[in-house]
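Trainee: build me a model from this:
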Amino acid sequence: MVESRDLHKYLPSTVEMCSSQRLARTLLLLARYGDPEASRLAVPKISQGLLAEMVGTNRSRVNYFMNKFRKLGFIHYNGGLTVNNSF
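Mentor: Below is the predicted model of the structure:
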C-alpha cells in the first residue's frame, strides 16, 4: 500500500497514465497489501464507484475495464476479486 509520505513518487507517473493504466496500477497496489508472494493476490472488498474515484474516472469506465481485464485473464471474480501476479 502506498504510504502518504511516498505519494510524491507515484503522482507524476500516475498523471500521465490513461484510466485503464491507473486502474491496473490501483488494483495492483491494493492487492500487494496482502501476501505479495501468492500467485493470485486478493483485493480488499471495494466498490467500482470507489475505484472510479480513486482512479479519476466514472464507474461505467471502471466496469468496462474490469470486464476487459477479466476476459484477458488478469483478474478473477470468485466470491471476491483476485489479481494474477502476471498483471
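
Trainee: where in the protein is pLDDT low?
Mentor: 1-16, 33-40, 87 (pLDDT under 70).

Trainee: residues in contact with Tyr77?
Mentor: Tyr77 is in contact with Arg70, counting by CB atoms under 8 Å, 6 or more residues apart in numbering. Yep, even glycine has a C-beta here, placed from its N, CA and C like the rest.

Trainee: would you list every one of the strands in this structure?
Mentor: According to DSSP state E, the chain carries its strands in the segments 40-43, 75-77, 81-84.

Trainee: center of this structure, which residue is that?
Mentor: Closest residue to the average C-alpha location of the chain: Leu27 at 1.5 Å, with CA atoms, centre = their mean.

Trainee: so how far is Asn63 from that one?
Mentor: Separation of Leu27 from Asn63 (CB to CB, to the nearest Å): 14 Å.

Trainee: skipping adjacent residues, who's closest to the residue nearest to the centre of the chain in space?
Mentor: Residue nearest to Leu27 in three dimensions, not counting chain neighbours: Val83, with 5.4 Å by CB to CB, 6 or more residues apart in numbering.
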